[in-house]
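Show me the folded form of this:
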Amino acid sequence: MSRRFANISKYRNAVGKAAKHELSTNASTDSSQLLKVSQSWVAFKHSSGGSVGILPVGSVGRVGQNAHLLSAHSSGVSDWEFSPFDANQLITGSDNGEVKVWQISSDESGSAQTQLSLTIATGTGKPVDIVHHPTARGIIATASHFVVQIWDISGKDQGSTLSTPAYTLTHPNTVSSISWKADGTLLATTCKDTQIRVFNPRQQETPVQTGQGPAGNRPSRVVWLGEKDILFTVGFNKMREREIAVWNVNDLGKPLELKRMDSSSGLMVPLYDEDTSIMFIPSRGESTVRWIELAESAPYMTEGPAFAVPSPVAGAALTPKQILDVMQTEVVRILAVSANAIWPISVSIPRRSYLDFHADLYPDTKSSTPGLEASEWLNGENKDVPRMSLDPGMAGKPAWARQATSTTLSQTSTATISKPTSSTPSPAAPAAATPIATSSAPKTTTPTVTSAPTVSSATTVPQSTTATPASPSVSQEVPSEESAPLPASTVPATSETSSPSKVVTPPPSVSKATPPSSASRVTPASSAAAVRLATQRASRFRFLTFKPYHVSEHFDSIAGLSISAVPECNLIEVNHKFIALPLQGTGGRIGILKVSEPGRVGNKVPSLVCSSDLTGFKFDPFDANLLVTSSDDSKIKGWIIPEDGLDKENDVTKPEWTLGASTMDKISLIMFHPLAKDVLLSASADRGDPKLRLWDLKAQKEMVTMKGHKDVIFSCAFNHQGTKIVSVCKDKKIRIWDALTGELLQEGQGHDSLRASRVLWLGESDLVASVGFGRGSLREILLFDSTDLKSGPIDRKQMDNSPGILVPHYDPDTSILGISARGDRVMKHYEVLLGPKEDFGTGNSHFVDVASLEQATLQQDVAYLPKRYCDVKEIELAKMYRLTYNSVEVIRVSVPRNKKEYFQDDLFPDTVDVETATLSANDFFSGSGHDAQPKRISLCPPDMESLSHHMAMTPATPQEGGNSLDKFLQGKQQVAEDERKRLAMERMFTSAKESKADRDTLVPETGVVAEDEWDD
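Next comes the predicted model:
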């Protein structure tokens, strides 16, 4: 395959390089992993029985007797684990089933001191494996003999003993390994009976899924791949061959992909890095470390070149991301242990320059702040761990601020600043554990890796003396009391990351007034940015927030969702009663869920079977129980869903009615009329003569046919009265039709691409928006005047380069246009200004950026409930149902307001009642309803007073004379503080460049990496 079209990984040139043996351990090799690392300490198995050696992370060189020896148990130590939320908390397990919790501190010399906090009696008398909960502080899982026990170790008295677990999960044989899902809801185990089991411990103590795992009689291990519903196992088959496999949690009947490795007897130790989706596999007794990049779709496993290490590996562990040397593009660091030494393996990505932070290699990583406490998790709550940036100059800033800074930096030239006078060491390193440079580290290139060599950073904590420059300060517009609160950037950045439950992305605001004295302190780059931003118009929805409902309101663990439908087909439809989703399998299956019954769906989803592959489906807006489908058999079928939903055990295969035409073929979409009941629009290819058809569902016949398309019809939309239809076609044309006569009214040039596009009418205006692809696969939004398509688009908004097909969603009450795409994590939103463009001022656009929804999981599609089902008391502008690969998340879209006790009538005008028909089919097709207008309803609850009425009845408070001056002085002080911070960051950045120039280049031009292989 040509390199131009290959799916090339950014980690393809990953280089793993091991340092010299620099740490004497005298460790034995009879433990499972032999080594664990926190941000502050390294704990390793000591040769003395029942003992664990503890060293500061920054220690290098010969240790001898300098390591702190923790005599943890009277019998041998079987496993130990650091808390991910407390670098000083160590949990140890013994061969007799005893578990102890220790607190580590450092004395004046920097050596470790330990104190026993808690003893746990498992009662098994057998060796114990320990895994800490990924999101809840104080929750641990232990596996010993035939049971997995979950313990709450928080809030216990010093030196007390705990013997009662919160949950006990019994197995028929010895448990080999355990692994939590990254969100902490599920737990996977492997057992000596060769079965893989998945538990939901808070709901039941029996497995929710079971399947045949590695069939050999030697121990196997399981690793949950982050928050995905995918498991990874290592083990042996019946022929004693080592094998690895990837499994779908919802179907453990067979692996998604299985790979036989070799016939070696060494046990594999899987180490998964969630940020890069790479599984590192060192093996006991071998001198190489294999690594495999994992994906959510085939091919699930892509193996990279193995790393060579100096001596056979006995055990290994990944170090926390916070101690990586990110300015040398170190993406992973592994500590490996042999019979008498520990050495680091630094995995880095060669880059041309090491002066800047390469953000594409470092997504936001999990911080050390827990998502929730033990009591909250035991009570059924779920919450993700907050994430933090690894950029030395971005730590603690919210996501939108980091994005804005990186954008500004790419357009700003580097200025020459004086040298800094001091540097600040990393707070992660213990006070006395100053790293020692290891200039004697070998600089040879691994023969099996075709990439330039890198220098290992050893077992040291990188010093935070290098940082990227901060972005030029831009003054934020202060919202009024009735509009919105200040953005997150105005709050001191004391936490590591913003709340994961909502993502606020305010656009650049306009500075109302700039004091003359501050002009001299602004750099030329800042002035250019200020001029550019001054032409942008701020939206009243710039502080739009997206907050998921409680997890109990979501629909999760939906098995067999199909995400391979045709581009013209939506993947989710929702009304106030039901949710419709396409499912995998033959016959065109559609799953029907009741909106009132959220929770875990499971393997069996109540379904309709269309007897042929699905091409489209829609709920009747005026009858919530009617679902209409189109399929590859060129039929349109109507299904009546009972009030209590479908039977889970028996699929429905017989529709209420079926429509078709002799010439109709390959239906691409269906759509209901916005005002007239029983009027349906369909688009079909018809063997090279594409047509639009209007159907009378009550009379069960075709009423209007529109001919004139030259190729496949991608999308259609009615205007607000339903009298006109706009369509976009593969022939790159956009057309407008008379809905009653089928006459072509307008035609113009659309997107300059053959890829699928979508179109919709913007409320009651004459504007039409089309989303699709321009030249070079650049995704874009085109805005047309429906009265003059020949003149082309009146405005264009270019977005990004991505393969995901865009789907527009428009709210006529707020004029907000949301753009979703399959496979994206971000959903962008714009306020569309509907007036003439000349009214907006020179340089302005019809599109005003507002906040973006950014989630951790990939979205497949979104749908919205009608406005009447929004909680206006919570300022809920929209209730969104977001489809992922195995769940439906319910998300509240709102605007922050101070006076929530009043009905915000400026945000909630009388809205169209989309569930009540204005016309019958007879009225529409006879033309008697040509001037019909949609019915409108008020969303104001009876017990609320409108904000406008309250403001009219409340006397205005006179402004104090000094108010304007106070605001000016506050703004001036803020500008001075921002400027001081910017200059400090630039001094640090310049110092880093000069320091870099004094060092030898890390990647000599040896020609090992081809020119076209370099990443920027």
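
Just give me how far stretch 746-766 sits from the chain centre.
Its chain's average C-alpha position is 30 Å from that of stretch 746-766, according to Cα atoms, centre = their mean, to the nearest Å.

Equivalent analysis for stretch 802-822, please.
Its chain's average C-alpha position is 18 Å from that of stretch 802-822, according to Cα atoms, centre = their mean.

And stretch 93-110, by the same measure?
36 Å.

Return the set of buried residues in that stretch.
Under the neighbour-count criterion of 16 or more other Cβ atoms under 10 Å, stretch 93-110 has 93-102, 104, 106, 110 buried. (Each C-beta comes from the backbone N, C-alpha and C, glycine too.)

Give me the lowest-pLDDT entry from those.
Note: of the buried residues of stretch 93-110, the lowest pLDDT belongs to residue 110, at 74.

where's that residue relative to residue 365, distance?
Going from residue 110 to residue 365 by Cβ to Cβ, to the nearest Å gives 27 Å.

Kindly report the same for residue 881.
Following Cβ to Cβ, the distance that separates residue 881 from residue 365 is 29 Å.

quick one: residue 112 and residue 41 touch, right?
Yes: with contact defined as Cβ atoms under 8 Å, residue 112 counts as touching residue 41 (6.6 Å).

Among the buried residues of stretch 93-110, name the ones in strands.
Judged by DSSP state E, the buried residues of stretch 93-110 include 93, 94, 98, 99, 100, 101, 102, 104, 106 as members of strands.

Tell me the bridge partners for the fifth one.
It stands for residue 100. Residues in a beta bridge with residue 100, per DSSP bridges, are residue 92, residue 119.

got the contact list for it?
Contacts for residue 100 (Cβ atoms under 8 Å, 6 or more residues apart in numbering) come out as 72, 73, 91, 92, 94, 116, 118, 119, 120.

From these, keep the buried residues only.
Neighbour counting over the contacts of residue 100 (16+ other Cβ under 10 Å) leaves 72, 73, 91, 92, 94, 118, 120 as the buried ones.

circling back: which of the ones in strands among the buried residues of stretch 93-110 lies closest to residue 260?
Closest approach to residue 260 among these (Cβ to Cβ): residue 93, at 32.7 Å.

and the residue nearest the centre of the chain, what pLDDT?
Nearest to the mean C-alpha position of the chain, by Cα atoms, centre = their mean, lies residue 856 at 1.5 Å. pLDDT, residue 856: 82.

surely it meets residue 227?
Yes: Residue 856 is in contact with residue 227 according to Cβ under 8 Å; the separation is 6.5 Å.

Where does pLDDT dip in the stretch 551-700 of the chain?
For the stretch 551-700 of the chain, the stretches flagged by pLDDT under 70 are 567.

same thing with the stretch 851-1000 of the chain?
For the stretch 851-1000 of the chain, residues meeting the criterion pLDDT under 70 lie at 956-974, 993-1000.

Would you state the strands of it in chain order?
853-859, 861-864, 876-883, 888-894, 911-912, 936-937 (DSSP state E, counting those that start in this stretch).

Tabulate those strands (a markdown table), appending distance to residue 375.
What follows is the strands of the stretch 851-1000 of the chain, written out as a markdown table (distance: least, Cβ to Cβ, whole Å):
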| stretch | distance to residue 375 |
| --- | --- |
| strand 853-859 | 25 |
| strand 861-864 | 34 |
| strand 876-883 | 29 |
| strand 888-894 | 25 |
| strand 911-912 | 42 |
| strand 936-937 | 44 |
